[in-house]
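[1] got a predicted structure here, sequence first:
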Amino acid sequence: MEDYITIFINGEPFNCNSSMSLKSILIYLNINISSVIIEYNNQIIDQLSFGSLFFVNNDRLEIITIAGGG
């Protein structure tokens, strides 16, 4: 049986499988992993941890995308 949880991404509820890592969620959302800053429950997460970070109900993510320009 699949285990689903609800987390909050930028304040919006997001239902996902509990086996999805932060990296797999970012890929699913088509977010460029190399140009984001992630805040997880009020802590900035190092990109090296994206593949090993898993969630529980009501965890909170803030995804900040870095836009280049000139």
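    Nice, thanks for sending it over.
[2] show me where pLDDT drops low in this structure?
    1, 69-70 (pLDDT under 70).
[3] mind listing the helices for it?
    22-28 (DSSP state H).
[4] which parts of it are strands?
    Taking DSSP state E, the strands of the chain run over residues 4-9, 12-17, 36-40, 43-45, 60-65.
[5] tell me how far Y4 lies from D46.
    27 Å (Cβ to Cβ, to the nearest Å). (Glycine included, C-beta is placed from N, CA and C.)
[6] what about these two, which has more around it?
    The neighbour count for Y4 versus D46, taken as other Cβ atoms under 10 Å, is higher for Y4 (12 against 8).
[7] burial measure for N57, as a count.
    As a measure of burial, N57 has 9 neighbours, counting by other Cβ under 10 Å.
[8] shouldn't it be in contact with I5?
    Yes. N57 is within contact range of I5, at 4.7 Å (criterion: Cβ atoms under 8 Å).
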